[in-house]
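Chemist: Here is the input, now give the coordinates:
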Amino acid sequence: MRRDLIPIAVCISTFAGVASAAVAQEKPWWPISLNDATTAPAKISDYTPLAKASKVWKICVLFPHMKDSFWNAVDYGVVEEARREGVSVAIYEAGGYDQLPKQLSQFDDCIASGSDAIVLGAISEAGLKQKLSETAAAGKPVIAIANPVGDAPAAGKIYGEFTATGGLTGTELLTSLAGKPAQVVTFPGPQGSGWAEALNDGFLNKIKGTQIKVLDQKFGDTGVGVQLKLVEDALQTYPDLNVIWGTAPTAEAAIGAVVEAGRPGIAILASYENQAMLDAVKKGDILGFATNYPVLSGRIGVDMAVRVLEGKKAITTATSIPQFVTKASLGKINLDLVLAPPSWKPVYSVKAGQ
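Modeler: Numbers count the residues shown, from 1 in each chain. You can find the predicted model right below:
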């Protein structure tokens with residue numbers, strides 16, 4: 001669902017807002033281990049945020065969309081950390097990975113609004129690279145979160161190491177197959193996003209030379225409707241298909257599609273998380289999903305922005321350490337950093353003190 005360029009505060013009950021803030025205060029999310037790539041070589045380090053910002057900074061946040069619980073989780077992390085540190089945020093969504101021109105326009109609006117910093121979930125690194133270069137030259141800090149911007153200049157970066165994450169899913173599939181042959185179609189996500197290609201490459205590299213045959217690779221937007229059409233096409237085209245690997249919306253669509261097609265024995269696994277994946281794991285509908293802790297990405301993105309603005313030493317380039325979530329491993333995962341609470345509704349603005 002697209003939004004106007006003016007941030008919209010979504011109405012939620014006062015109780016819910018107070019309760020979520022209280023949870024953040026009563027249960028600190030830090031320290032958390034990350035891959036720290038601020039200086040070479042990268043190393044595992046613990047990240048601890050500031051106790052409070054020294055002033056009420058204005059931070060503008062850009063998301064590709066709010067169509068699934070992945071970006072709702074990032075939103076939750078941004079909002080809760082902004083409340084905890086006492087800064088104001090205005091959050092915009094472009095409406096989808098096919099809406100690069102809108103995100104570029106929203107980026108310009110962030111600059112024009114006088115924001116102190118921009119926290120960016122980039123639709124495309126290539127599409128935003130010039131904008132990031134211009135902003136860096138102007139001295140306006142940009143923090144890249146959730147989606148990678150490996151080469152483009154940014155004052156801070158926190159996201160998943162997607163090639164490694166894709167490889168992790170490949171390892172888990174091989175383990176589950178225990179040497180049995182399989183035929184898979186991959187559904188990486190939107191072509192040109194960077195993260196979709198990285199996840200797909202990691203998965204393909206891990207299964208290369210094994211008894212898993214790749215029948216096709218189908219890129220597409222992460223809307224469930226788009227993914228459903230791609231899955232249905234694959235099911236019709238490849239009668240021997242017995243593994244579906246792809247985005248969380250792919251897996252969400254595939255659960256019903258394989259039953260409808262009369263092929264319930266197909267294994268399904270997801271390259272990242274959303275609420276539907278958590279529910280599916282609990283029910284045993286999918287093999288599992290990888291997580292790079294999107295709530296954490298949102299929280300650290302806000303803290304990195306504050307640290308840069310205040311000139312305080314920090315880890316400025318980091319990737320989360322991925323994990324594969326199965327029914328057996330659920331009890332070992334900190335779900336507070338994976339997904340927003342089930343009752344969470346997207347929030348588009350936070351004013352310090354509220």
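Chemist: Any stretches of the chain with poor pLDDT?
Modeler: Along the chain, segments meeting pLDDT under 70 span 1-26, 353-354.
Chemist: Could you check how far residue 326 is from residue 176?
Modeler: Residue 326 is 9 Å from residue 176, where distance means C-beta to C-beta, to the nearest Å. The way it works is simple: take the backbone N, C-alpha and C, and place the C-beta from them, glycine included.
Chemist: what touches both of these two?
Modeler: By C-beta atoms under 8 Å, 6 or more residues apart in numbering, residue 326 and residue 176 have these common neighbours: residue 287.
Chemist: These two: which is more packed in?
Modeler: A side-by-side neighbour count of residue 326 and residue 176, using other C-beta atoms under 10 Å, places residue 326 first with 18 against 15.
Chemist: ok, residue 349 touching residue 89?
Modeler: Yes: counting by C-beta atoms under 8 Å, residue 349 touches residue 89, with 6.8 Å between them.
Chemist: okay, and the common contacts of the two?
Modeler: Between them, residue 349 and residue 89 share no contacting residue under C-beta under 8 Å, 6+ apart.
Chemist: Counting neighbours, go ahead and name the busier of these two.
Modeler: Under the criterion of other C-beta under 10 Å, the comparison of residue 349 against residue 89 puts residue 89 first, with 27 against 18.
Chemist: what about that one, helix or strand, and which?
Modeler: Assigned by DSSP states H and E, residue 89 belongs to strand 88-93.
Chemist: So for residue 176, what's the nearest residue that isn't a sequence neighbour?
Modeler: Among residues not flanking residue 176 along the chain, residue 287 sits closest, at 5.8 Å (C-beta to C-beta, 6 or more residues apart in numbering).
Chemist: what's the answer for residue 171, then?
Modeler: Once flanking residues are discounted, residue 171 sits nearest to residue 206: 5.9 Å by C-beta to C-beta, 6+ apart.
Chemist: re earlier: which residues outside the strand holding residue 89 are in contact with it?
Modeler: Counting by C-beta under 8 Å, 6+ apart, 2-3, 5, 7, 56-66, 71, 75, 78-79, 82, 106, 109-110, 113, 115, 119, 302, 347-352 sit against strand 88-93.
Chemist: Give me the subset of those lying in strands.
Modeler: Using DSSP state E, the members of the contacts of strand 88-93 that fall in strands are 58, 59, 60, 61, 62, 63, 119, 349, 350.
Chemist: looking at the sheet around the first one, what are its partners?
Modeler: So the one you mean is residue 58. Counting by DSSP bridges, residue 58 is bridged to residue 88.
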